[in-house]
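Engineer: with the input below, show me the fold.
(one chain, ligands or ions: 1)
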Amino acid sequence: MTWEPERLDDTHHLTEGDPGGMLRAVADSAAQVRTGYRCAVESGVDRLSANVRPRAVVVAGMGGSALAGDILAAVCGPGAPIPVVTVRSYQLPGWVGATDLVIAVSWSGETGETLAMAAEAVRRGCTLLAVGPAGSALEAVAVQSSSLHVAIPTGRRPRADLWLVTTPLVVAAASLRLVRAEPTVYERVARTLEDIAHRCRPSSDSFINPGKALAMDLAESVPMIWGSSPLATAAATRFAHRLNENAKYPAMAGELPEAGHNQVAVLDGPLAERDIFADTSSRTLRLVLLRDMEEHPRVTSTREAVLRVAQDRDVRVTELASDGDHPLERLASLIGLADFASTYLALGYGVDPTPVRPITELRARISH
Ligand SMILES: O=P(O)(O)OC[C@H]1O[C@](O)(CO)[C@@H](O)[C@@H]1O
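Structural biologist: Numbering: from 1, shown residues only. Model prediction:
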């Protein structure tokens, strides 16, 4: 299948199903922030600090829900006074105990790994905060253990409801004073996402539509997406996952300075030397550098050096910088654009962004 940018002009008649549905879900991200905030406050998460002073915050989740933990850690930043870690597993690490807060996040409330970790948290006497839909198995674990549960109205796909599952975690962290986030911050984040949705709307042409323009950059290439700070890396991971799931497209994520010790070697590899999609002089590999204002000065030097190393090899590079004051706004500025670009890339290839059949098949095979 070849990339056909003209497919972006009419996103409603591309494949079977409703390929435009994912675009509408992405455009709805701002509403998710507002709903996620309201659900958190209604559940009393903004008063969490009255009952708990944890030694560590452990976010237990898988896939898109685990990404909420990465975002939380990035928003709390490297200066966070206690560890904020994400665990993607059936088991909590041995060190997690009664003085820790475990936040179990599951869009469906039914994911086996997350339920196992939530039950383990209860057995170990941890404080449990559960985030998932009402009526789910995760809610039952919370109710049985008299733990706090944030009921979120999920309904689309886990990856399309990122802000719904993420916002309550930030409200919890703000209550614990791990990050400053007064109520107005959530409205600013929502407006950032609304602004991106407006600029990336389907009726806007690719030369002024940053989502379509980024999709055009990525087409017929294998993107290697690096963040140059923990915050930018959370966005890079999200971007790669969205390309995988929406566009069924290969992409790898990495973080500077670590990627400079391993992934950078790919700049001398076969995909950096020839185009596997077409017989042209361009290269398949594309380096996508995401950066944020909180970049360590030594990482700034590394990033600049990486650019020169890539340019010397004629490897194509796309650079994106975050925008905004609060870390959550800056993350939204990168993730909002990445979400649109991955959806437009899918549409340009005639791929329905919504189904992820290999994931569904895999889950079915391991469910018994
Ligand atoms: O958020 P949930 O419902 O726990 O699901 C976790 C992950 O599992 C899947 O539903 C299927 O693997 C992913 O789409 C999702 O990100």
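Engineer: can you give the distance from stretch 124-132 to the centre of its chain?
Structural biologist: Distance, stretch centre to chain centre, for stretch 124-132: 22 Å (CA atoms, centre = their mean, to the nearest Å).
Engineer: does it come close to the ligand?
Structural biologist: No - judged by CB under 6 Å from any ligand atom, stretch 124-132 makes no contact with the ligand; its nearest approach is 7.4 Å. The C-beta positions use only the backbone N, C-alpha and C, and glycine is treated the same way.
Engineer: what residues of that stretch count as buried?
Structural biologist: The neighbour-count check on stretch 124-132 (16 or more other CB atoms under 10 Å) flags C126, T127, L128, L129, A130, V131, G132 as buried.
Engineer: out of those, the closest to the ligand would be?
Structural biologist: Of all those, G132 has the smallest distance to the ligand: 7.4 Å, by CB to the nearest ligand atom.
Engineer: skipping adjacent residues, who's closest to the closest one in space?
Structural biologist: Computed as CB to CB, 6 or more residues apart in numbering, the closest residue to G132 that is not its neighbour in sequence is G109, at 3.4 Å.
Engineer: surely the one you found touches E139?
Structural biologist: Yes - assessed by CB atoms under 8 Å, G109 is found in contact with E139 at 6.0 Å.
Engineer: tell me which of the two has more neighbours.
Structural biologist: Neighbours were counted for G109 and for E139 using other CB atoms under 10 Å; G109 has more, 28 against 20.
Engineer: and whichever residue of the chain sits closest to the ligand, what pLDDT?
Structural biologist: Going by CB to the nearest ligand atom, the ligand is nearest to G63 of the chain, at 2.3 Å. On pLDDT, G63 comes in at 92.
Engineer: got the CA coordinates for the helix or strand where M216 lies in CSV?
Structural biologist: Using DSSP states H and E, M216 sits within helix 210-218. Taking Å, rounded to 0.1, in the frame of the first residue of the first chain, the C-alpha atoms of helix 210-218 are listed here in CSV:
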residue,chain,number,x,y,z
PRO,A,210,0.6,20.5,11.7
GLY,A,211,-0.9,17.1,12.2
LYS,A,212,-1.1,16.4,8.5
ALA,A,213,2.3,17.9,7.9
LEU,A,214,3.9,15.7,10.5
ALA,A,215,2.1,12.6,9.1
MET,A,216,3.6,13.6,5.7
ASP,A,217,7.1,13.8,7.3
LEU,A,218,6.7,10.3,8.7
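Engineer: can you name the residues in contact with that helix?
Structural biologist: Helix 210-218 has contacts (CB atoms under 8 Å, 6 or more residues apart in numbering) with 5, 8, 196, 199-200, 204-207, 243, 249, 286, 288, 316, 318, 320, 337-338, 340-345, 348.
Engineer: now intersect those residues with the helices, please.
Structural biologist: Assigned to helices by DSSP state H, the following of the contacts of helix 210-218 qualify: I196, R199, L243, L337, A338, F340, A341, S342, T343, Y344, L345, G348.
Engineer: contacting residues for V141?
Structural biologist: Contacts of V141 (CB under 8 Å, 6+ apart): A104, L115, A118, A119, V122, L128, A130, S147.
Engineer: and the two most separated of those?
Structural biologist: Maximum pairwise distance in the contacts of V141, criterion CB to CB, is 13.2 Å, between L115 and S147.
Engineer: residues from the stretch 1-150 of the chain in reach of the ligand?
Structural biologist: Counting by CB under 6 Å from any ligand atom, the stretch 1-150 of the chain sits next to the ligand at M62, G63, G64, S65, S106, W107, S108, T111, T114.
Engineer: buried among those? Need that as a selection in PyMOL.
Structural biologist: Typed into PyMOL, the next command selects the buried ones out of these (criterion: 16+ other CB under 10 Å):
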select buried, resi 62+63+64+65+106+107+111+114
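Engineer: just the helices in the chain please.
Structural biologist: Under DSSP H, the chain gives helices at 20-27, 29-42, 63-76, 112-123, 137-144, 162-175, 183-199, 210-218, 230-247, 270-273, 297-312, 327-348, 357-365.
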